[in-house]
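Engineer: Quick one, fold the following:
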Amino acid sequence: MFSRLDNYILRAFIPTFFLCLLIISGIYIIIDLLQKLDDFLEMGGEAFITGLRYYVYLFPVIIFQLFPAITLIAMGIVLVKLSRNREILAMQVAGISLYRILLPVFIVTVVLSFASLGNQEWVVPRFAENLETIRQTSFTSAVTKNLLLDDKENNALLRVWKYDKKTQRMHSVFILARYENKKKKFTLSADEGRWLGNDTWLLTKAVKHIYDERGRWVAPVQQIDSLEFESTITPMELGKIKLDPSLLNFEQLKELCKTEPDNPRNSLLFHSRISYTLTHFVLLLLGIPLVVGFERLSKNLFLRVGLCVLVCGIFYSLTFVCSNLGTTGMLHPILAAWLPTVIFGSVGLLFFDMMNM
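Structural biologist: Below is the predicted model of the structure:
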């Protein structure tokens, strides 16, 4: 059972958490709505119903993505209030350590972590197909972004930042070809790829790196104005509506890894799903010392909340960079999935240990 102190802390934290959840989710939806405003205007009378369905399906995805950040920001706001009223100091004078004061919040964080995971495992996959259908038929028009395709026949992986269905042109293309032993054969970056037919793409302004069978780079770097590249990936394949693997649950991701073992993105998503369960605690370990742990910051409490937001931004930015490196094969998928958690977790443990408890 929770003590009176625990109930007091929780009564301050839980309403703040849900308020932050509504505000941050609302900001996310407003920004997304403004980006899609032209698409909604073109829909005419169907815009309201389409938008309502889309954001109802998208809301569980937003919650899963932002849950750790919302937890940290809500915690920062609560601790700022307690610090301004000298309540934390009064508790410590009464002989209660900061560890004990924060214990109920960490317990609630465990519950929220499991709730977030349950949301991703059962709620998001249930609406994934509807969400992806609306997204790709109503908002992407003729342009599809961030495609990752596996050309099994040529043992190559293609990453396309943008593909125009009307002109059949790829923009910002990255190709990773492999030997039979899975080592890199060559990597190819091109500004644009145009479909020529007969399983051939014409790549322009390409940069090619060649590797031997041991995976060692062979000099020099080749810069090519135009290059024909044969691939079984056709415009029809690029134009298909595909379910985003990030919307799948754990078992579906595991099965996808078995069916497409050479696709590093699947392995990355699988291990990211595991590491993501620790994100709530990692951000708390790093954010709490910025709010109440160091006396030098005590004069500006709102600065600490801003630092919590900054910590979240840096964490998500590092996660994004590592994900891109892991998807393109430049970083091992397991390392790409766990690196942000390990780095921020280590720094967080160090900061937490340095606090004045």
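Engineer: Give me the contacts around the helix or strand hosting Leu112.
Structural biologist: Taking DSSP states H and E as the criterion, Leu112 maps to helix 98-118. The contact list for helix 98-118, computed with CB atoms under 8 Å, 6 or more residues apart in numbering, reads 2, 5-6, 9-10, 13-14, 17, 63-64, 67-68, 71, 75, 78, 88, 91-92, 277, 280-281, 284, 288, 292-293, 355-357. Glycine gets a C-beta too; all of them are placed from N, C-alpha and C.
Engineer: Could I have the buried ones of those as PyMOL selection syntax?
Structural biologist: In PyMOL syntax, the buried subset of the contacts of helix 98-118 is picked out as below (16 or more other CB atoms under 10 Å):
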select buried, resi 6+9+10+13+17+63+64+67+68+71+75+78+88+91+92+280+281+284+288+292+293
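Engineer: what mean pLDDT does the helix holding Leu112 have?
Structural biologist: Mean pLDDT, helix 98-118: 83.
Engineer: packing partners for the helix or strand that that helix is followed by?
Structural biologist: Later in the chain than helix 98-118, the nearest helix or strand by DSSP H and E is helix 124-134. On a contact count with 3 or more CB pairs under 8 Å, 6 or more residues apart in numbering; DSSP states H and E, helix 124-134 meets helix 47-84.
Engineer: tell me what the helix it packs on is packed against?
Structural biologist: helix 4-35, helix 37-43, helix 87-93, helix 98-118, helix 124-134, helix 279-288, helix 301-327.
Engineer: Check the gap between Ala206 and Thr232 for me.
Structural biologist: Using CB to CB, to the nearest Å, one obtains 19 Å as the distance from Ala206 to Thr232.
Engineer: Repeat that for Leu256.
Structural biologist: In this view, Leu256 and Thr232 are 20 Å apart by CB to CB.
Engineer: Between those two, tell me which one has more neighbours.
Structural biologist: Here Leu256 and Thr232 are compared on neighbour count by other CB atoms under 10 Å; more neighbours surround Leu256, at 19 against 13.
Engineer: what about dumping the CA coordinates of the lowest-mean-pLDDT helix or strand in the chain to CSV?
Structural biologist: Ranking every helix and strand in the chain by mean pLDDT, DSSP states H and E puts helix 235-238 at the bottom, with a mean of 76. Extracted in CSV, the C-alpha atoms of helix 235-238 (Å, rounded to 0.1, in the frame of the first residue of the first chain):
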residue,chain,number,x,y,z
PRO,A,235,8.0,1.0,-60.6
MET,A,236,5.1,-1.3,-59.9
GLU,A,237,6.9,-2.6,-56.8
LEU,A,238,7.7,0.9,-55.6
